[in-house]
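# Sequence below, structure please.
(4 chains)
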There are 2 protein chains.
Amino acid sequence: MAESSRPTSRPTPQPSPAGLGKRADMVTIADVARHAGVAVSTVSYVLSGKRAISASTRARVLASVRSLGYHPNAGARALASKRANVIALVLPLRSGMHLPVLMQFATAVVTTARQFDHDVLLMTADEGPAGLRRIAASAMVDGIVLMDVEMHDARVPVLRDLERPSVLIGFPADPSGLTCVDLDFYRAGAACVEHLAGLGHRTVALLGAPAVVYDRDTGFAHRTRAGFTETAQRLGIAATAQSCEENFEAVVRELAGLLARRPDLSALVVHNEAAVGQVLAALPALGRRVPQDVSVVAICPDEVAERASPALTSVLIPAEEVGRQAVSLLMCKLAEKPVPQSTLLPPRLTVRASTATAPAKPRWVRAGSPAS
Amino acid sequence: MAESSRPTSRPTPQPSPAGLGKRADMVTIADVARHAGVAVSTVSYVLSGKRAISASTRARVLASVRSLGYHPNAGARALASKRANVIALVLPLRSGMHLPVLMQFATAVVTTARQFDHDVLLMTADEGPAGLRRIAASAMVDGIVLMDVEMHDARVPVLRDLERPSVLIGFPADPSGLTCVDLDFYRAGAACVEHLAGLGHRTVALLGAPAVVYDRDTGFAHRTRAGFTETAQRLGIAATAQSCEENFEAVVRELAGLLARRPDLSALVVHNEAAVGQVLAALPALGRRVPQDVSVVAICPDEVAERASPALTSVLIPAEEVGRQAVSLLMCKLAEKPVPQSTLLPPRLTVRASTATAPAKPRWVRAGSPAS
DNA sequence: AACCCGACTCGAAGCGCTTCGACGATCCGC
DNA sequence: GCGGATCGTCGAAGCGCTTCGAGTCGGGTT
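Alright, predicted model coming up:
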């Protein structure tokens, strides 16, 4: 079969054999049809699989597609089918969120989208609601993945009214009518406390994101703190929560303050990726060894935890998994399949070198009092 | 003239006042034309400005556009005009490159592209040359910005043969026929040495990226090293260059080795964002104060330098500027304007707290020898 | 007064693709 | 051996937009 084949046909020998001619070499579906000796619609059906095509015809068409190096014109396809095969990814791309996680997440979204034969349009949050309207109304994208949703996000009502499906990473105050995915930060905070309680710690503190993040009403920060605080209370553990800026001086200051107020503090939960390194540097400087004197649990991506010294016991932020899930959910919605309104990924705590049994009695308390 | 409108006008009260009807509310150019009482082509010309339209007509059309909430259908527009108004941004999105810079860069690209009324399609490098062919051939994008180019990158020849313009961030071994932008890493390496030389340092070392980055033939790493080494030679300064992994132990090991081999080492150039923090932590641990005993210059983004303690004298990686430039160049190429083949951004060295005059005689040398 | 020239606007022809209805073939049961 | 499914294929009608050639209408020229 192929080329010079077919009853009468004899297609013109390809004039520009796929990738040579630098200009105007846009191969169209008509070229493929001619080359294969079939109708345009037949080629379309072979490619989309929406109608049965005989094996022999299919093979011939596919051969032509390959030999001509045909790629369907995205615009034409979108226009005719009302599907762009593109999803929008809206990232914050400004301060606050920590960047590496974002990238991990973006990677996962792109990779997963490609598996579903979709591309990804990157948008920044600063176009705001108008941006969402624009890309939705222009039919440029079929759906939207929105990251870093805030509790009272102006974009949320827009999304709800938009004619395109969307998936949010994070939860707004009112998630009704939306599809949301996120790590279960409440349980993450809880898991940290439980781990520490299991090691015998009775006084713990949470070192969180910079104050601005709490003020901005970012859901995950609040939920982590709630999980932390309430679990501590339930287990009868003394707990303090504390926001924390991301430079070394601030970290030292906060830690020193914390240790002054709670001399018996024996464990720290750090929910601030940018600060974990600083915390590990500051504690020795304050005369506390990790984990002998103070145990540290972090909520952060695995790489950060593993790269730290000592390696951190941590609840990982499953950026990749969240990205995958978000896209999968969106694809379901595009296929008009029902999806759960909220998806909370269970936290997984990995024990590494930064947590240990609570000291029977802290060195510095012992040292400060007459030898027992 | 049109419907019941025109001179006496009074357009039909908009049936679905922009954003209410959840379904099938796609407003088309025909709707706008009808609403404004003009021909479709007139609306098109108003919107594109490609033909003169009287002020009164223009105003009427624009009013209709606004009141109907019209957004042109991207697919149709792309199909008819052969311009998608989308550019592709190809990011590495895998290990090696440091993430925060990437994000900064991506932000700049998106923001700048929007200023030129373009959107950004995000791709990962792992689709390789085939991915480039796909999006180029499908007319999904008008041009391509490619990041993290390697010296012998398989995608480079593809790009050269593609019918779409492109701009590379970084330089391949053979940049002929391409448009490339980057920080002038050679001069950046040089600037660091010059700064240190000016402070009287006579023995310096470069702590670079992990070995794998050099092996991968990443241009910027090599060029920085060349600038460093050759400038040191020119100025008669003893210089060592050294790759460096990004975990604390490795950093300590490399530094200890360096100090053992060159006891008179008084300054360090760090070109490894992930390691700068570790270096600052490791030096005190090795008994060297920064900057009294050892000066440190980093090549890294400003935030990293500022957040470090002490704040680092640094050559900033102008991610934002590079992104802006890349998009601007691409837009020129799209407009068929000529552009320089290579754009090297001059390094800017900012002096902060981590560099100081070279110690007259290092403490530990003095201490090791009989009192002078 | 016939003419031409700009300034504006319109109609229609696609852009490359999907999709729907139709049309020959086969194939089945009776 | 004939009506009716079924299968495989085709032709044509758009999808919503841009763009080109072709008007129309005043107001200057000769």
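
# how about the helices in the stretch 51-200 of chain A?
A:55-68, A:74-81, A:99-115, A:128-137, A:155-161, A:185-198 (DSSP state H, counting those that start in this stretch).

# Mean pLDDT lowest where, among the ones you listed?
Mean pLDDT per stretch puts helix A:99-115 lowest among the helices of the stretch 51-200 of chain A, at a mean of 89.

# Give me the buried positions along that one.
A:99-114 (16 or more other CB atoms under 10 Å in any protein chain shown). C-beta: built from backbone N, CA, C; applies to glycine.

# How about residues contacting it?
A:87, A:89, A:91-93, A:119-120, A:122, A:145, A:147, A:169, A:273, A:301, A:303-304, A:317, A:319-324, A:326-328, B:93-94, B:99-100, B:102-103, B:122-124, B:126-127 (CB atoms under 8 Å, 6 or more residues apart in numbering or on different chains).

# and the angle for that helix with helix B:99-115?
60 degrees (axes from the mean of the first three to the mean of the last three CA atoms, to 10 degrees).

# Kindly report the residues of chain A close to DNA strand D.
A:37-42, A:45, A:51-54, A:56-58, A:76, A:79-80 (CB under 7 Å from any atom of the strand).

# Mind giving me the ChimeraX command for buried ones among those residues?
Typed into ChimeraX, the line below selects the buried ones among the residues of chain A next to DNA strand D, using 16+ other CB under 10 Å:
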select /A:37,38,42,45,53,57,58,76,79
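
# Quick check: chain neighbours aside, which residue is closest to residue A:182?
residue A:170 (5.2 Å; CB to CB, 6 or more residues apart in numbering or on different chains).

# list the contacts for residue A:343?
A:179, A:180, A:181, A:182, A:325, A:329.

# Can you give the distance from the helix or strand hosting the last one to the centre of its chain?
Secondary structure assignment for residue A:329, by DSSP states H and E: helix A:319-334. Once both centres are worked out by CA atoms, centre = their mean, to the nearest Å, helix A:319-334 turns out to sit 9 Å from its chain's centre.

# Please pull up the helix or strand immediately following that helix.
strand A:342-345.

# so for that following strand, what's the average pLDDT?
Per-residue scores along strand A:342-345 average to 95.

# tell me which residues of it are tucked away?
Result for strand A:342-345 [16+ other CB under 10 Å]: buried residues A:343, A:344, A:345.

# Looking at these, which one is closest to DNA strand C?
residue A:343 (29.4 Å; CB to the nearest atom of the strand).

# how much space between the closest one and residue A:184?
9 Å (CB to CB, to the nearest Å).

# can you check residue A:139 too?
Taking CB to CB, one finds residue A:139 at 35 Å from residue A:184.

# and what of residue A:131?
Counting by CB to CB, the gap from residue A:131 to residue A:184 is 29 Å.

# now do residue A:44
45 Å.

# same thing with residue A:170?
From residue A:170 over to residue A:184 (counting by CB to CB), the distance is 12 Å.

# do residue A:300 as well
When residue A:300 is compared with residue A:184 (using CB to CB), they lie 16 Å apart.

# Comparing those two, which residue is more hemmed in?
residue A:300 (24 against 20; other CB atoms under 10 Å in any protein chain shown).

# hang on, the earlier thing: ok, the buried residues of helix A:99-115 vs residue A:31, which is closest?
Nearest to residue A:31 out of those is residue A:114 (CB to CB; 26.0 Å).

# What is the neighbour count of the closest residue to DNA strand D within the stretch 151-300 of chain A?
At 12.5 Å from DNA strand D, residue A:163 is the closest residue in the stretch 151-300 of chain A, using CB to the nearest atom of the strand. As a burial measure, residue A:163 scores 14 neighbours (other CB under 10 Å).

# do the same with residue A:128
14.

# tell me the contacts of it?
So residue A:128 contacts A:154, A:155 (CB under 8 Å, 6+ apart).

# how near is it to residue A:146?
12 Å.

# Residue A:309 too?
From residue A:309 over to residue A:146 (counting by CB to CB), the distance is 36 Å.

# neighbour count winner among those two?
residue A:146 (26 against 20).

# give me the beta-bridge partners of residue A:295?
residue A:267 (DSSP bridges).

# Pull the number of nearby residues for it.
24.

# can I assume it is in contact with residue A:201?
Yes. Counting by CB atoms under 8 Å, residue A:295 sits close enough to residue A:201 to count as a contact (6.4 Å).

# and for those two, which residues touch both?
Shared contacts of residue A:295 and residue A:201, counting by CB under 8 Å, 6+ apart, come down to A:266, A:267, A:358.

# out of those residues, who has the most neighbours?
Top of the shared contacts of residue A:295 and residue A:201 by neighbour count (other CB under 10 Å): residue A:267, with 27 neighbours.

# OK, contacts around the residue of the stretch 251-372 of chain A found nearest DNA strand D?
Closest to DNA strand D within the stretch 251-372 of chain A is residue A:334: 18.5 Å, counting by CB to the nearest atom of the strand. By CB under 8 Å, 6+ apart, the contact set of residue A:334 is A:142, A:143, A:165.

# tell me which helix or strand of chain A sits lowest on mean pLDDT?
Across the helices and strands of chain A, the lowest-confidence element by mean pLDDT, DSSP states H and E is helix A:363-368, at a mean of 49.

# Need the nearest residue in space to residue A:203, chain neighbours excluded.
That would be residue A:238: by CB to CB, 6+ apart, it lies 4.4 Å from residue A:203.

# Make sure the one you found is actually in contact with residue A:206.
No. Applying CB under 8 Å as the test, residue A:238 and residue A:206 come out as separate, 12.0 Å apart.

# So which of these two has more stuff around it?
residue A:206 (26 against 14).

# The more buried one bridge partners, please.
Beta-bridge partners of residue A:206, as defined by DSSP bridges: residue A:241, residue A:269.

# so it makes contact with residue A:241?
Yes. At 4.2 Å, residue A:206 and residue A:241 qualify as touching, with contact defined as CB under 8 Å.

# which parts of the stretch 201-350 of chain A sit against chain B?
A:246, A:247, A:248, A:249, A:274, A:277, A:281, A:307, A:308, A:309 (CB under 8 Å from any CB of the partner chain).

# Switch these over to CSV; also include distance to DNA strand C, secondary structure and pLDDT.
Formatted as CSV, those follow (distance: CB to the nearest atom of the strand, whole Å; DSSP: H, G, I helix; E, B strand; the rest coil; pLDDT from 0 to 100):
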residue, distance to DNA strand C, secondary structure, pLDDT
A:246, 49, coil, 82
A:247, 53, coil, 80
A:248, 56, helix, 79
A:249, 59, helix, 83
A:274, 46, helix, 81
A:277, 50, helix, 83
A:281, 57, helix, 84
A:307, 46, helix, 80
A:308, 50, coil, 83
A:309, 54, coil, 80
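
# Of those, which pair is most distant in space?
A:249 and A:307 (22.6 Å).

# If you count surrounding residues, which of the two has more?
Neighbours were counted for residue A:249 and for residue A:307 using other CB under 10 Å; residue A:307 has more, 18 against 11.

# ok, that one - contacts?
Counting by CB under 8 Å, 6+ apart, residue A:307 has contacts B:246, B:247, B:248, B:274.
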